[in-house]
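Visitor: Any chance you could fold what I've pasted below:
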Amino acid sequence: MKAASASGPMFAGSIPEVYEKYLVPLIFEPYAKDLAQRVSATKPKQVLETAAGSGVVPRALAPLLATDARYVVTDLNQPMLDRAAPRQPKDARIVWQQADALKLPFEDHTFDVVCCQFGAMFFPDRVAGYREARRVLKPGGRLLFNVWDRIEDNDFSKLVTEAAAEIFPKDPPLFLKRTPHGYHDKKQIEADVRAAGFASVEIETLAKEGHAPSPRHPSIGFAQGCPLRMEIEARDASKLDAVTDLGTEMIARKYGRGAITGKIQAIVVEARS
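Guide: Have a look, this model is predicted:
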């Protein structure tokens, strides 16, 4: 899941604010730091990020890049870039540009690295997205991206999804399981990346911990700070608080009622042509 990604669901109303406050520090920042370290380790001079959403990776990556590097940060949705840019310290190396990851407006063989944090799950044609990344990469360049692993390996999203299913047993809202956690088959991921023309593909499962000051924080984040909220409200908007309350209780039963730490897990992919 991410705030917005190439051809992904749009976030509206109060969802972006809730997402930033509750979900970014809980689940996105740990993996942004990891992706930033992987990208910077290649010592790139030209970096492209696709489906950048609200800019959590640029905040982690920019300080690690060389002073003469160029970092192009893109997203399909200009409002997300407008939201991300002011959160970034002024940096002449960074270019903010609207772009579709499936139809990039860049010349062939331009970048040393293309990176994407939790965006590929939303691509309507993943092979096309990877093929575009390969096209704009220099020979020997790297594609680095991550996707969420199964919902069963991500406790907070799993418990909130179960809470929503209890509130709506006849028609459970399954956005989290279906989309953010729906692209976790490593064999399929590798097949898609190779179908785009990459000859070398390395895939790693990476477990981390998400920290929150209370069990209510992750419940608010997932129930009210992502498109799960729209699925809940489409069924019965008056029950949004009920899902949030039950999610809080289910998380508290497992982790306690004070500050909590829970398992989160993603899949990290590095590909070279």
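
Visitor: Can you read off the pLDDT for the residue nearest to residue 199 when sequence neighbours are not counted?
Guide: Nearest residue to residue 199 in three dimensions, chain neighbours excluded: residue 273, at 6.2 Å (CB to CB, 6 or more residues apart in numbering). Quick note: C-beta positions are derived from backbone N, CA and C, even for glycine. Looking at residue 273, its pLDDT stands at 82.

Visitor: Below-threshold pLDDT in this structure: ranges please.
Guide: 1-13 (pLDDT under 70).

Visitor: Surely residue 221 and residue 23 touch.
Guide: Yes. Using CB atoms under 8 Å, residue 221 is in contact with residue 23, at 4.1 Å.

Visitor: follow-up on the earlier one: compute the distance between the residue nearest to residue 199 and residue 150, please.
Guide: 29 Å (CB to CB, to the nearest Å).

Visitor: Neighbour count: the two, which is higher?
Guide: residue 273 (17 against 14; other CB atoms under 10 Å).

Visitor: quick one: contacts for the more buried one?
Guide: Taking CB atoms under 8 Å, 6 or more residues apart in numbering as the contact definition, residue 273 lies against 134, 137, 139, 140, 141, 197, 198, 199, 200.

Visitor: How much space separates it from residue 260?
Guide: For residue 273 relative to residue 260 (CB to CB), the value is 42 Å.

Visitor: likewise residue 79?
Guide: Counting by CB to CB - residue 79 and residue 260 are separated by 32 Å.

Visitor: Name the residue in the two with the higher neighbour count.
Guide: Using other CB under 10 Å as the criterion, residue 79 and residue 260 rank with residue 260 on top: 23 against 14.

Visitor: Would you quantify the distance from that one to residue 28?
Guide: Taking CB to CB, one finds residue 260 at 17 Å from residue 28.

Visitor: again with residue 14
Guide: 18 Å.

Visitor: Between these two, point out the one with more neighbours.
Guide: Using other CB under 10 Å, the more surrounded residue of residue 14 and residue 28 is residue 28, with 24 against 11.

Visitor: Spatially central residue for this structure, please.
Guide: For the chain, the residue sitting closest to the mean C-alpha position, by CA atoms, centre = their mean, is residue 118 at 2.7 Å.

Visitor: quick one: the helices in the stretch 1-150 of the chain?
Guide: Remark: helices assigned in the stretch 1-150 of the chain by DSSP state H, counting those that start in this stretch are 15-18, 29-41, 56-61, 78-84, 126-136.

Visitor: winner for burial among those helices?
Guide: helix 56-61 (a mean of 25; mean count of other CB atoms under 10 Å).

Visitor: How far off centre is it?
Guide: 12 Å (CA atoms, centre = their mean, to the nearest Å).

Visitor: elements contacting that helix?
Guide: With contacts defined as 3 or more CB pairs under 8 Å, 6 or more residues apart in numbering; DSSP states H and E, helix 56-61 has these neighbours: helix 29-41, strand 46-49, strand 70-75, strand 111-117.

Visitor: ok, the residue nearest to the centre of the chain touching residue 154?
Guide: No. Using CB under 8 Å as the test, residue 118 is too far from residue 154 to be in contact (11.8 Å).

Visitor: List the buried residues for the longest helix seen in the chain?
Guide: When the chain is parsed with DSSP state H, its longest helix is helix 240-255. Within helix 240-255, the residues that count as buried by 16 or more other CB atoms under 10 Å are 240, 242, 243, 244, 245, 246, 247, 248, 250, 251, 252, 255.
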